[in-house]
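Participant: Sequence plus the predicted model coming up.
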Amino acid sequence: MAQSQTIKTIGILTSGGDAPGMNGVIRAVTRTAINYGIRVMGIRRGFHGLWRGDVAELDARSVSDKSRVGGTFLMTARSKTFITQEGLQQAQKMTQVFGLDALVTVGGDGTMRGAGDLAKLQVPVIHIPATIDNDVGCTDYTIGFDSALNTAINCVDKLRDTASSHERCSVIEVMGREAGYLALHVGIATGAEIILIPEQPFDRDKDIIGKILSARNRGKQHYIVVVAEGAARGEEVAQYIEKNTGTEARATVLGYLQRGGSPTYQDRYLASMFGIQAVKALMENRVNRVVVLKQGEVTDIDLLEGLETTKKITAESMKKANILSI
Ligand code: F6P
């Protein structure tokens, strides 16, 4: 990496919903920056902490033994004040007060939009995508997705045991906000009979009741239905199934279980690589960037362009899930 002429001190914050692997990102950014003689200020409680000046210096030791732990030791918040013009200006002022030459933001799409707003106010930023939802359009992967998937898969496997003993239908509602990535991947990995995601409109009778009845006619005696929270309420789906098929149905909302726990190998490894890439961009005098994973490669792209990029679950992926569910 070429030595940066301008970046002497950076700030780092985690914002929005926490995700396993965020601590690994903070560690990687901190240690890589220190390695190149850059001071690192940890901003607590996300953007909320930035505008309140909730800042303390991080050293190599303060990030020790953190990357195996879920959550974020810098803590996080969903700040309503920050998204106002006044909040943004106060945040920008705080970057000057603490002498931050650049800011590294870690979080999902909301955090990335916040980073974009600060970039427009001339605060140099690098964003690192981290959310269990994997719904940031410009990157194939967001830190935390794999850990959440593994947690959910583990829960669904357990639910299948009891659904099978009782010959029931187990409806599992997973997180993901408006996106169905978690549901689709959990559903495929656990062999769900039905996967409901917001990206794919469904007909309750044809796509739920019809499928369960034909699965029953093919000899199945218990059923797994994975529902993305953005598609339907698990409890309502379970009631509809029980009423219209006569099969007992139970709903489980996995909720915040999916956000906690020790990060998987993939999240620890990519958190490290994303963190290194963020500092690399700064060292090479690239600012207002977002770190992304594209076709297996960790790189960085223009932040504002990244904010315009969308991605979609393809009909093809849903077709594959359907083939496997017969
Ligand atoms: O974005 C991550 C996420 O866990 C979503 O899947 C979920 O809809 C949302 O955050 C819940 O947010 P909160 O922590 O504010 O309840």
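Facilitator: Here it is on my side, so go on.

Participant: what's around the closest residue to residue 209 other than its chain neighbours, how many residues?
Facilitator: For residue 209, the nearest residue in space outside its immediate sequence neighbours is residue 244; the separation is 4.7 Å by C-beta to C-beta, 6 or more residues apart in numbering. The C-beta positions use only the backbone N, C-alpha and C, and glycine is treated the same way. Burial of residue 244 is recorded as 16 neighbouring residues (other C-beta atoms under 10 Å).

Participant: and residue 244, which of the three is it?
Facilitator: Following DSSP: H, G, I helix; E, B strand; the rest coil, the label given to residue 244 is helix.

Participant: Residue 66 is in contact with residue 262, correct?
Facilitator: No - the pair formed by residue 262 and residue 66 falls short of the contact definition of C-beta atoms under 8 Å, at 11.3 Å.

Participant: OK, contacts around the residue in the stretch 201-326 of the chain that the ligand sits nearest to?
Facilitator: For the stretch 201-326 of the chain, the residue closest to the ligand is residue 259, as judged by C-beta to the nearest ligand atom, at 5.4 Å. The contact partners of residue 259, by C-beta atoms under 8 Å, 6 or more residues apart in numbering, come to 17-20, 70, 132, 144, 148, 175.

Participant: Which pLDDT value goes with the residue nearest to residue 209?
Facilitator: We have a pLDDT of 98 for residue 244.

Participant: Show me what residue of the stretch 151-300 of the chain gets nearest to the ligand.
Facilitator: When you check the stretch 151-300 of the chain against the ligand by C-beta to the nearest ligand atom, the closest residue turns out to be residue 175, at 3.3 Å.

Participant: Tell me the spacing between that residue and residue 190.
Facilitator: From residue 175 across to residue 190, the span is 16 Å (C-beta to C-beta, to the nearest Å).

Participant: Neighbour count: those two, which is higher?
Facilitator: When residue 175 and residue 190 are compared on other C-beta under 10 Å, the one with more neighbours turns out to be residue 175, at 23 against 19.

Participant: if I look at that one, how far off is residue 181?
Facilitator: According to C-beta to C-beta, residue 175 and residue 181 sit 10 Å apart.

Participant: which residues are common contacts for the two?
Facilitator: Taking C-beta under 8 Å, 6+ apart as the contact rule, the neighbours common to residue 175 and residue 181 are residue 133.

Participant: The helix or strand where residue 290 lies - contacts with which helices or strands?
Facilitator: In this structure, residue 290 sits in strand 289-294 according to DSSP states H and E. For strand 289-294, the helices and strands in contact under the criterion 3 or more C-beta pairs under 8 Å, 6 or more residues apart in numbering; DSSP states H and E are strand 125-129, helix 265-283, strand 297-302, helix 303-308.

Participant: Just put those in JSON lines and tack on mean neighbour count and distance to residue 80.
Facilitator: Supplementary listing: the helices and strands packed on strand 289-294 in JSON lines, determined by neighbours: other C-beta atoms under 10 Å; distance: least, C-beta to C-beta, whole Å:
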{"stretch": "strand 125-129", "mean neighbour count": "30", "distance to residue 80": "20"}
{"stretch": "helix 265-283", "mean neighbour count": "23", "distance to residue 80": "27"}
{"stretch": "strand 297-302", "mean neighbour count": "16", "distance to residue 80": "28"}
{"stretch": "helix 303-308", "mean neighbour count": "17", "distance to residue 80": "20"}
